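A.B. asks: Provided below are the primary sequence and the corresponding predicted coordinates.
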Amino acid sequence: MEIEFSIVIIGDEILLGQVSDANTSAIIRALAPVGFRCRQVLTVGDNAADIRSAINTSMELTPLVITTGGLGPTKDDITRGALMEIFGGTLKEDPEVTLNIEQVFSRRGLELNPLTRLQAWVPDTARVLMNRFGTAPGLLFTRRDDTMKQRVICLPGVPSETAGMLPDVVVPTLVEEFHAPSDTRHISYIVAGISESALAQKLDAFEDALPAEAHLAYLPNGGWIHLRLDISGGSDEQAHTLSTALESELGPYLLTHGYHTPAEILINLLRERNYTMGTAESCTGGNIAHAITTVPGSSDVFKGAVVSYANSVKEEILGVDPLTLETLGAVSLPVAKQMAVGALRELDADCAISTTGIAGPSGGTEEKPVGTVWLCISTPQALLTHCLHLRGSRTNIIERTTTEAIIALIRLLQNPSWTF
């Protein structure tokens with residue numbers, strides 16, 4: 001049986017739109033395979049009363065609450081105090097946390113300041129969850145009432161710290177606390193080339209025929225979809241039968257099995273084939289290279305990037321023909337192709353992606369409106385060019401181009417005759 005939990009995201013910067021919430025999806029993905037299901041997500045600012053209210057409300061709904069944010073050394077980091085008003089206790093110094101803080105600062109070559117040292121003072125009503133990725137420790141509070149044993153886990157707001165703590169600290173702690181091996185199977189697929197609504201329509205009959213203990217979850221990610229088949233109980237044979245039938249329904253839209261981002265899928269494919277790759281980016285400004293190099297181990301296959309924003313860089317480094325630029329413009333098929341060929345040559349890579357387009361909000365024309373982007377995808381077996389016509393903000397166009405380009409290279413590696 002799945003255990004429900006709530007998430008409370010804390011921080012004025014989230015509510016003001018200055019920072020995107022990256023922690024919610026990371027927490028849900030980490031906990032789902034061990035039998036935890038998110039019931040609700042609340043976002044509050046750096047206000048003690050609001051934090052207490054959100055946590056108390058969540059504790060009434062679910063036996064587990066996970067908070068992120070408000071655990072650092074600054075005055076707006078007040079989660080610890082808010083939790084002490086709920087669970088009581090006094091502060092005491094934890095020597096292991098003090099040592100960890102000193103080691104973090106030593107590794108970074110920084111002088112330790114008194115405010116940061118205060119993070120080693122933790123409530124004696126909480127269990128410390130060590131944060132080896134930063135200075136603010138995680139905390140586990142527990143309370144038993146007449147109906148249930150309630151737990152609140154407080155994690156830092158920095159996404160890299162939360163992501164680092166989840167597999168090695170949080171998940172093992174929760175499995176231990178809840179004795180939570182789950183009888184629910186989660187079978188994941190990555191789907192691309194179809195919208196969420198179109199996919200739901202395509203799978204309508206399949207969903208109607210599912211047994212009561214099974215259902216589909218659609219998790220769109222902007223250009224691709226994480227589709228998950230959840231089966232509560234049942235046999236291995238039933239799971240295999242349903243999974244095989246679903247794969248057949250997905251057909252060419254299935255990118256891979258299991259949960260992997262497109263960048264992870266691409267790196268695995270390149271590694272399997274012993275290929276390297278590079279990028280030549282104009283309108284994406286290095287964003288494709290960034291997406292790839294955020295994946296651990298990408299250095300095995302990624303050679304580098306040429307961010308050829310100016311035409312002079314396209315000419316002098318990538319070897320794009322000046323006459324082509326003059327007559328057809330930078331946003332054109334021949335330029336995208338020459339950029340990719342130049343990247344292969346200059347980076348000594350087996351595969352390449354090039355992008356040249358108009359991300360906006362200005363710069364568009366009637367012939368080439370904002371959102372016009374030419375891609376060129378090259379592998380040892382094939383070279384493919386394609387024009388995208390995208391809508392949205394500058395950021396959306398850059399992100400969507402990045403996703404489309406990475407998925408296109410995946411498709412071409414999987415099938416050299418593939419086309420858009």
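C.D. replies: Happy to help now that I have it.

A.B. asks: hey, where'd the strands end up in the stretch 1-150 of the chain?
C.D. replies: 3-10, 36-44, 64-68, 91-93, 121-123, 126-129, 138-144, 149-155 (DSSP state E, counting those that start in this stretch).

A.B. asks: please state the offset of the third one from the chain centre?
C.D. replies: Spelled out, it's strand 64-68. 19 Å (Cα atoms, centre = their mean, to the nearest Å).

A.B. asks: now do the first one
C.D. replies: Distance, stretch centre to chain centre, for strand 3-10: 18 Å (Cα atoms, centre = their mean).

A.B. asks: output it as CSV, nothing but the C-alphas.
C.D. replies: What follows is strand 3-10, C-alpha atoms only, in CSV (Å, rounded to 0.1, in the frame of the first residue of the first chain):
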residue,chain,number,x,y,z
ILE,A,3,2.1,6.0,1.8
GLU,A,4,0.9,9.5,1.1
PHE,A,5,3.0,12.6,1.8
SER,A,6,2.8,16.3,1.4
ILE,A,7,5.5,18.8,0.3
VAL,A,8,5.8,22.3,1.6
ILE,A,9,8.1,24.5,-0.5
ILE,A,10,9.4,27.5,1.5
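
A.B. asks: buried ones in that strand?
C.D. replies: Using 16 or more other Cβ atoms under 10 Å as the test for burial, strand 3-10 gives 3, 5-10. Placement of C-beta: from N, CA and C, glycine included.

A.B. asks: try the second one
C.D. replies: By neighbour count with 16+ other Cβ under 10 Å, strand 36-44 contains the buried residues 36-39, 41-44.

A.B. asks: within the sheet, what are the partner strands of it, with directions?
C.D. replies: If you go by DSSP bridges, strand 36-44 pairs up with strand 3-10 (parallel).

A.B. asks: what does the strand it pairs with contact?
C.D. replies: Strand 3-10 is contacted by residues 21, 23-24, 27-28, 31, 35-46, 51, 54-55, 58-59, 61-70, 79, 157, 178, 180 when judged by Cβ atoms under 8 Å, 6 or more residues apart in numbering.

A.B. asks: can you give the contact residues for the helix or strand of the chain with the lowest mean pLDDT?
C.D. replies: For the chain, using mean pLDDT, DSSP states H and E, the weakest element among its helices and strands is helix 114-117, scoring a mean of 82. For helix 114-117, contacts defined as Cβ under 8 Å, 6+ apart pick out 73-74, 98, 101, 105, 135.

A.B. asks: filter those to the buried ones?
C.D. replies: Buried, going by 16+ other Cβ under 10 Å: 101, 105, 135, out of the contacts of helix 114-117.
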